[in-house]
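my questions concern the predicted model and sequence given below.
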Amino acid sequence: MSQDDVSLEARLEEQDTFEPPESFVEQANVTDEGIYEEFEENWPECWEGAADLLSWEQEYDTVLDEGGAPFYEWFTGGELNASYNCIDRHVESGDGDRTAVEWEGELGETRSYTYEELLEEVQAVAATLRELGVEEDDVVTLYMPMIPELTVAMLACARIGAPHSVVFAGFSADALATRMNSSDSEYLITADGYYRRGDSLDHLSKTNEGLEDVEHETATIVVDRLGDDLDHSLADGQHDYEELVDENRGETVEPVTRDAEDMLFLMYTSGTTGQPKGVKHTTAGYLAYTAWTSQAVLDLEPGDTYWCSADIGWITGHSYIVYGPLALGTTTVMYEGTPDYPDKDRFWEIVEKNEVDVFYTAPTAIRAFMKWGKEYPEKHDLSSLRLLGTVGEPINPRAWKWYYKHIGGEECPIVDTWWQTETGGHMITTLPGVNEMKPGSAGPGLPGVDTRIVDAQGEEVDAGEAGYLTVQKPWPGMLRTLYQNDERFIEEYWEEYSDPDADEWVYFPEDGAKIDEDDYITVLGRVDDVINVSGHRLGTMEIESAIVGVEGVAEAAVVGGDHEVKGEAVYAYVITEDGYEGDDELAEEIVEGVVDAIGPIAKPEDVVFTPELPKTRSGKIMRRLLEDIASGNELGNTSTLRNPEVVDEIAAQVQDE
Ligand code: 6R9
């Protein structure tokens, strides 16, 4: 490092607040700090501005209907179609030639769709789905990798009022079957495979394995992504995508009129208990909220080229690759593959080539970039960038500063956005043209979003103290319920801090947090049994049940331990059944069992065999202790344990490895 670099690093190291660069503020969509007060005084009508970003077939009567709280309804009486809002209206207003989707395949090939082309393709797929028998309100499962057909399929579903349920392609066959059974989904679009680091992955066999466990008949459409790289034949009831869709190119499919509160999609996510939760989002509130936050937080404008590197299989991709950016008429970039193929500068090559204006990624990726070194971004001209974002997990100040300096060139604000599958869109973040930034702290709640940090009794904690994050007013993008399970919806999110007798409802996202004297919130992480691996939510219960399903395993406890790149990694503590040896072979079978049940993202980092698990006197597994062991932390007081000696035994074993 040169002398200049050293002093720059030192200065950055010490700096803990950053003003938004003047060049950014000059052009930002939101610059008036009065917006916070304005929203507060005018709540809930403040959300009319978000609704105004959409085109309505029928104006709504009421902004917010609190009558059935916590089953809130937004923009009731309104009618609209999400696919119309994301495509047709841009074509009608003369922007049909603008690029809607710019796709980068892992092998270097590209495909792009103008809004006009997207309209044609979406109508063709909509017609195909109808031909297959899909009717309004039928759930269509999309088990697809990052190929443009996924975006097209989502919008085609929205066009005919069929909610989609996207299952992340990296999830296992079991996960697919569970979700299809849970949502009674009789239609599936999948692909034969995709590319990862240059190798072709067979996705069709995994799909077929999953379908064996689906309890009802399914009509399946298969996209041919791999061509000659996969020797595949389709089974009965399976159709080739291109064959069917090609026959419908040129068809007109009018967007169906949907009520504001009609379901737009389902997205399954992990929680404390075993079964994934089917989070239900509806049409108007979700679309208005993702469009508004895309404009206010991501600062998107129609002429922008914007890239969010998430996978559409997660909520981030739904809200901020597909719906938000397309509702605003932006060009959205989709990338199929990994950041290090063919080399570790792939992302920066994509940014340079497409002259990306706004880039949104996850802290886990930034930590990997840091590890690889600044020489990779330095090979490229990143001057097109104007704003950077992160999402998925807390970002540590060191990674924040690296991102700020080496990717943003100290000229781009960073928005650290806290939100969840359930919240539909951003909730806590700075407004990039308004607030100063504090690395490590996401920022204040957005205007109109009433976030408060409380103690176990629900009382607000003082600045600097840790507590539980809550949201004390509804917002348009919120989940409406868990699919066919209103009871669990109340239990999971509302029971903890609400006072139903007083009709006071408080949303509990199950995150811990602290707040400073400027109302900036630092999110500390989950307080339930959810592990956040590389920004992906995994339930410990789901992983434990997969492990216990392996022959020879008597009991298992899974925890998240600190990991340099992934943030958290999965650590499994396992007790074998009598007569079984806790050896490498069994550890291997356990890892395979987890990959089969959930997917490679849930792969345990380490499997530790132990004669006992540390338990409280009432028999509860002390997960905190296991987490500390996995993270290499100092161990706290173990005297409340029924079996304190076992902790040292396990710790010794972990250190030996
Ligand atoms: C969008 C998304 C939600 C959980 C959430 C929290 C963690 C997300 C964060 C963050 C700290 C941020 N999380 N963003 N923690 N800072 N900026 O990730 O949705 O997959 O449902 O995960 O992720 O713990 O509760 P989802």
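Looks like it came in fine. Residues are numbered from 1 along each chain as shown.

quick check: residue 363 vs residue 585, distance?
Distance, residue 363 to residue 585, using C-beta to C-beta, to the nearest Å: 35 Å. Any C-beta I mention is one placed from the backbone N, CA and C, and that applies to glycine too.

more neighbours, the two?
It is residue 363, of residue 363 and residue 585, that has more neighbours when counted by other C-beta atoms under 10 Å, with 24 against 10.

got a list of what that one touches?
Contacts for residue 363 (C-beta atoms under 8 Å, 6 or more residues apart in numbering) come out as 390, 392-396, 399, 535, 567.

6 Å instead, please
Residue 363 is in contact with 390, 393, 395, 399, counting by C-beta atoms under 6 Å, 6 or more residues apart in numbering.

looking at those, which are in strands?
residue 390 (DSSP state E).

which of the contacts of residue 363 lies closest to residue 206?
For the contacts of residue 363, the residue nearest residue 206 by C-beta to C-beta is residue 393; the value is 27.1 Å.

wait, that closest one touches residue 566, no?
No - under the criterion of C-beta atoms under 6 Å, residue 393 is not in contact with residue 566, lying 9.2 Å apart.

could you find the closest non-adjacent residue to whatever residue of the stretch 151-300 of the chain ends up closest to the ligand?
Closest residue of the stretch 151-300 of the chain to the ligand, C-beta to the nearest ligand atom: residue 269 (5.2 Å). Closest residue in space to residue 269, ignoring its immediate chain neighbours: residue 421 at 4.2 Å, by C-beta to C-beta, 6 or more residues apart in numbering.

same check on residue 513?
Nearest one to residue 513, counting by C-beta to C-beta, 6+ apart, is residue 469 at 4.1 Å.

what's opposite the one you found in the beta bridge?
residue 453 (DSSP bridges).

hmm, it is touching residue 511, no?
Yes - the pair residue 469 and residue 511 qualifies as a contact (C-beta under 6 Å) at a distance of 4.6 Å.

which one of those two has more residues nearby?
Between residue 469 and residue 511, counted using other C-beta under 10 Å, residue 469 has the larger neighbour count: 25 against 22.

gap between that one and the ligand?
Distance, residue 469 to the ligand, using C-beta to the nearest ligand atom, to the nearest Å: 8 Å.

ok, the closest residue to the ligand within the stretch 301-450 of the chain - contacts?
Here the stretch 301-450 of the chain gets closest to the ligand at one residue, residue 421, 3.4 Å apart by C-beta to the nearest ligand atom. Contacts for residue 421 (C-beta under 6 Å, 6+ apart) come out as 267, 269, 279, 315.

coming back round to it: for the residue of the stretch 151-300 of the chain closest to the ligand, which residues make a bridge with it?
With DSSP bridges as the rule, residue 269 is bridged to residue 277.

quick check, pLDDT for it.
With respect to pLDDT, residue 269 scores 93.

now do the same contact list for it.
277, 279, 421, 537.

most widely separated two among those?
279 and 537 (11.2 Å).

between those two, which has more neighbouring residues?
Remark: of residue 279 and residue 537, residue 279 carries more neighbours, 24 against 20, as counted by other C-beta under 10 Å.

give me the element the more buried one is part of.
strand 277-282 (DSSP states H and E).

where does the stretch 401-550 of the chain come near the ligand, residue by residue?
416-421, 442, 509, 511, 523, 525-526, 532, 535, 537 (C-beta under 6 Å from any ligand atom).

and if we set it to 5 Å?
Contact residues (C-beta under 5 Å from any ligand atom) of the stretch 401-550 of the chain with the ligand: 416, 418-421, 442, 511, 523, 526, 537.

out of the residues you listed, which sit inside strands?
Using DSSP E, these in strands are 416, 511, 523, 526, 537.

could you export the residues you listed as a markdown table, including distance to residue 373?
Compiled in a markdown table, these are given as follows (distance: C-beta to C-beta, whole Å):
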| residue | distance to residue 373 |
| --- | --- |
| 416 | 23 |
| 511 | 32 |
| 523 | 28 |
| 526 | 31 |
| 537 | 30 |
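
residue 528: neighbour count?
Counted with other C-beta under 10 Å, residue 528 comes out at 15.

go on, residue 479?
By other C-beta under 10 Å, neighbour count at residue 479 equals 26.

partner residues bridging the residue of the stretch 451-600 of the chain found nearest the ligand?
At 3.6 Å from the ligand, residue 523 is the closest residue in the stretch 451-600 of the chain, using C-beta to the nearest ligand atom. Going by DSSP bridges, residue 523 is paired in beta bridges with residue 513.

pretty sure it is in contact with residue 418, am I right?
Yes - counting by C-beta under 6 Å, residue 523 sits close enough to residue 418 to count as a contact (5.1 Å).

identify the contacts common to these two.
Common contacts of residue 523 and residue 418 (C-beta under 6 Å, 6+ apart): residue 442.

neighbour-wise, which of these two wins?
Counted by other C-beta under 10 Å, residue 523 and residue 418 do not tie: residue 418 has more neighbours, with 27 against 21.

list the beta-bridge partners for that one.
In this entry, residue 418 is beta-bridged to residue 428, by DSSP bridges.

can I assume residue 562 sits in a helix?
No - read with DSSP: H, G, I helix; E, B strand; the rest coil, residue 562 is strand and lies in no helix.

ok, and the closest non-adjacent residue to it?
In space, residue 562 is closest to residue 631, 4.0 Å off (C-beta to C-beta, 6+ apart).

how close does that neighbour sit to residue 624?
Counting by C-beta to C-beta - residue 631 and residue 624 are separated by 11 Å.

out of those two, which sits in the busier spot?
residue 631 (16 against 13).

please tell me how far the more buried one sits from residue 396.
14 Å.

for this protein, which helix extends over the most residues?
Secondary structure of the chain per DSSP state H: the longest helix is helix 115-132.
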